[in-house]
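Student: My questions concern the predicted model and sequence given below.
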Amino acid sequence: MKILLKVKFKSLVNTIKNSSSRKYILFLLFGILIFALLSVISVKVFGYIYNQSDFTLPLKYFLAEKLLTMVFLTMYTMLILSSLISTLNIFFLSKDLNLLFSSPIPPGKIFFWKGIEVLINSSAMVVFFSLPVLFSYFYYFSPSSGNIILSILSFLLFIISGVLLGITTGFIIPGFISVKRLQPALSVTSILLISFVVIFIRMLQPEKFGNPDIIDNVLEYIGSFSTPFFKHFPFHWLSNSMISISKGGYSDYLNFGIYFLILISVFILILWYFQKRFYFKLFDKLKRGISGGRKTSTWKKRLIKGDYGTLLNKELKSFLRTPEQWSQLLVIGAIIVVFIMNMKVIPLPSPQIKNFIAYMNIGMAAFIVTGLNSRFTFTSIPMENPGIVHILASPFDRRKILKFKLIFYMIPMMALAFFLFFTGEITLKLDRIARISGIIYLVPAVFFITLMAFFFSLRIKGSKALSPQHLIVSREGISFMLWSMIYIGLSIMYMIRPLYIYFFHKFTGKEIPYGEITLWIAGFFLINFLIISYFYRNMRKEWREKEFL
């Protein structure tokens, strides 16, 4: 074990030395920013609950317990998901397995070592993001050093149980799914889990935590957050054990600790049995690529004839055959559901607030489109390397290929943006000027953002095929997101002026200066026309000069 630990440590050191320091600095700064943001939110929320003099102490503990349950539910799902994916990569696809199995190291120790790797890889991020929540709770509700130690012990048991559950699931899935369908199945499973958690948390309406006065009966308010089904899950055990020791109920803490130990023991026994009976069989199955069933492919004629019909057929087949791409549609579905739910529960105390929220809805739709362009449009051309040379060597006009790709991604992005906008418009029942301004803003904004995604993707050098994750965090990917955010911020600020002129004159009873409003809108279109023309010319130039060999 000491030798394996030394080898792993040296491999990590060499990876850091050979990697670009700029990327690590960027990730470090981003991590610090997220950590600081979570810390501020956690301190504000727990501090607000603790310092409310109108709240009784049982109510404070109740709100803290429900908040912790919601947070630990998210963390537990992340643990299962991360350890599930890590199990496939580390236990079955790791490059050092052939060498380890041919060495004198007993298989049991190899299995244990790989389990430690999964534990570290899958829990590091969860622990990092949990620290602000734990610190904030300890500071207000459990400042005693003894209570902190006991809570950390429960948290460690919580982490271990989640990782073991993910590893166990990772051993069960390959036994029923062929190797060709294994990774798509895991991808869909992970997206479904994430989508479920996002929608579930939104259904809890966490904004009610700080405003119980909206419910006349406090008991009814408490009952609205009671979920007896959660009592059987580790995230409920952890939150209740922390509350128990804060109240001085150490017997309840011991009971929850016993639950954790029993659950961990069961998972260890199951994994020991899997290691003895199935591990090598599954490993051999994945290595040999045994697959039941047969897949045939036909190139059917589409409704669209000519070159564009052929290109459409090619794009659809490429999209459907890439699980990393089409599984993201589930994320889009979750975003839309949460978006619609937000529109329905937003408080509207006055028409001014309603129109302000409607205006911010335009920017939110643009932000969502930017994220999707980063994931789909920006990665579409680089992910085809080096196979794209075959398309360029075909009789297709090179300009026609780029034009088709722009149209292929522009249409769904535009449709999604208007769907999100009109969903908010129908829910909020906006004024006519707000509806018109949304249409005026989204048409050039979505077109420009999609165009800019192609522009920055063409600036990626080299012909090596890269994963979407590597492309998004590349210098060009970060530049696209940065400039998109700047554009959305400046354009939103610009469009405030004509709306302000309209509502100011309407509320003061003065005559509305439609001429001035028209000039501002015309200026918006003119500015967008100029920057779109500039980026389009440069995009075509990059495409003509792009070398894919």
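Tutor: Thanks, I have the structure now.
Student: can you list the weak-confidence ranges in the stretch 101-250 of the chain?
Tutor: For the stretch 101-250 of the chain, the stretches with pLDDT under 70 are 174-230.
Student: With the stretch 351-500 of the chain instead?
Tutor: Ranges of the stretch 351-500 of the chain meeting pLDDT under 70: 351-359, 385-396, 424-431, 462-469.
Student: Please verify my assumption that A64 contacts F46.
Tutor: Yes: when contacts are counted by C-beta atoms under 8 Å, A64 is listed as touching F46 (6.7 Å). Just so you know, the C-beta spots here come from the backbone N, C-alpha and C atoms, and that holds for glycine as well.
Student: what about R537, how many neighbours?
Tutor: Using other C-beta atoms under 10 Å, R537 has 10 other residues around it.
Student: Which secondary structure element is home to it?
Tutor: According to DSSP states H and E, R537 maps onto helix 514-545.
Student: which helices and strands does that helix pack with?
Tutor: helix 398-428, helix 432-457, helix 475-508 (3 or more C-beta pairs under 8 Å, 6 or more residues apart in numbering; DSSP states H and E).
Student: mind putting those in CSV, mean neighbour count and distance to M70 included?
Tutor: CSV is the format used below for these (neighbours: other C-beta atoms under 10 Å; distance: least, C-beta to C-beta, whole Å):
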stretch, mean neighbour count, distance to M70
helix 398-428, 17, 25
helix 432-457, 21, 33
helix 475-508, 16, 29
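Student: Would you tell me which of these gets closest to L93?
Tutor: Among the helices and strands packed on helix 514-545, helix 475-508 comes nearest to L93, with 25.8 Å by C-beta to C-beta.
Student: between that closest one and helix 432-457, how big is the angle?
Tutor: Going by axes from the mean of the first three to the mean of the last three C-alpha atoms, to 10 degrees, helix 475-508 is angled at 170 degrees with respect to helix 432-457.
Student: relative to helix 514-545, how tilted is helix 475-508?
Tutor: 170 degrees.
Student: Show me what helix 475-508 is packed against.
Tutor: Contacts defined by 3+ C-beta pairs under 8 Å, 6+ apart place helix 475-508 against helix 351-372, helix 378-380, helix 432-457, helix 514-545.
Student: Can I get those in CSV including distance to G115?
Tutor: Listed next are those as CSV, based on distance: least, C-beta to C-beta, whole Å:
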stretch, distance to G115
helix 351-372, 35
helix 378-380, 33
helix 432-457, 40
helix 514-545, 48
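Student: Out of those helices, flag the one nearest S86.
Tutor: Among the helices and strands packed on helix 475-508, the nearest to S86 by C-beta to C-beta is helix 378-380 (23.4 Å).
Student: related to what we said a few turns ago, now do the buried residues in the helix holding R537.
Tutor: By 16 or more other C-beta atoms under 10 Å, the buried positions in helix 514-545 come out as I517, W520, I521, F524, N528, F535, Y536, M539, R540, E542, W543.
Student: Between these, which sits nearest S479?
Tutor: Of these, the one sitting nearest to S479 (C-beta to C-beta) turns out to be F535, at 12.8 Å.
Student: picking up where we left off before, between A64 and F46, which contacts overlap?
Tutor: Common contacts of A64 and F46 (C-beta atoms under 8 Å, 6 or more residues apart in numbering): Y137, F141.
Student: ok so, going back, how about the helices and strands packed on helix 514-545, which one is nearest E117?
Tutor: Of those, the one closest to E117 (C-beta to C-beta) turns out to be helix 475-508, at 28.4 Å.
Student: List phi and psi for G509.
Tutor: Main-chain dihedrals, G509, degrees, to the nearest 10: phi 80, psi 10.
Student: Just give me the neighbour total for it.
Tutor: Counted with other C-beta under 10 Å, G509 comes out at 6.
Student: got it, and L79?
Tutor: Neighbour count for L79, taken as other C-beta under 10 Å: 28.
Student: quick one: which helix or strand includes it?
Tutor: helix 57-87.
Student: From the contact counts, what lies against that helix?
Tutor: Contact partners of helix 57-87 among helices and strands, from 3+ C-beta pairs under 8 Å, 6+ apart: helix 21-51, helix 107-141, helix 145-176, helix 179-203, helix 218-224, helix 234-247.
Student: Give me the buried positions along the following helix or strand past that helix.
Tutor: Later in the chain than helix 57-87, the nearest helix or strand by DSSP H and E is helix 97-101. Of the residues in helix 97-101, L97 count as buried by neighbour count, 16+ other C-beta under 10 Å.
Student: Tell me which of the helices and strands packed on helix 57-87 sits nearest to Y273.
Tutor: So among the helices and strands packed on helix 57-87, helix 145-176 is nearest, using C-beta to C-beta, at 9.8 Å.
Student: report the angle between the axes of that closest one and helix 57-87?
Tutor: Calculated by the same axes, to 10 degrees, helix 145-176 forms an angle of 40 degrees with helix 57-87.
Student: Run through the neighbouring helices and strands of helix 145-176.
Tutor: By 3+ C-beta pairs under 8 Å, 6+ apart, helix 145-176 packs against helix 57-87, helix 107-141, helix 179-203, helix 234-247, helix 250-277, helix 279-288.
Student: the inter-axis angle of the helix holding L79 versus helix 234-247?
Tutor: 140 degrees.
Student: Helix 57-87 to helix 107-141, inter-axis angle?
Tutor: Counting by the same axes, to 10 degrees, helix 57-87 lies at 150 degrees to helix 107-141.
Student: quick one: average confidence on helix 57-87?
Tutor: On average, the pLDDT along helix 57-87 is 81.
Student: cool, stretch 509-521 as well?
Tutor: pLDDT averaged over stretch 509-521 gives 86.
Student: Same check on stretch 28-45?
Tutor: For stretch 28-45, the mean per-residue pLDDT is 80.
Student: before we move on, back to that, just send the helices and strands packed on helix 57-87 back as TSV, with mean neighbour count and distance to P444 too.
Tutor: Below are the helices and strands packed on helix 57-87 laid out as TSV (neighbours: other C-beta under 10 Å; distance: least, C-beta to C-beta, whole Å):
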stretch	mean neighbour count	distance to P444
helix 21-51	13	30
helix 107-141	18	37
helix 145-176	19	45
helix 179-203	16	30
helix 218-224	13	44
helix 234-247	23	46
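Student: Tell me which of the ones you listed lies nearest to R432.
Tutor: Checking these against R432 by C-beta to C-beta gives helix 179-203 as the closest, at 30.1 Å.
Student: ok, the residue lying closest to Y76 once chain neighbours are set aside to L451 distance?
Tutor: Leaving aside its chain neighbours, Y76 sits nearest to F235 (4.6 Å; criterion: C-beta to C-beta, 6 or more residues apart in numbering). Relative to L451, F235 is positioned 44 Å away (C-beta to C-beta, to the nearest Å).
Student: L451 is in contact with R540, isn't it?
Tutor: No: L451 lies out of contact with R540 (C-beta under 8 Å); the separation is 10.7 Å.
Student: contacting residues for G257?
Tutor: L153, S154, L157, S241.
Student: Distance to M495 for the residues you listed - can I get that in TSV?
Tutor: Converted to TSV, the contacts of G257 look like this (distance: C-beta to C-beta, whole Å):
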residue	distance to M495
L153	54
S154	51
L157	53
S241	51
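Student: Looking at the residues you listed, which one is closest to S491?
Tutor: Among the contacts of G257, S154 lies closest to S491 (C-beta to C-beta), at 48.8 Å.
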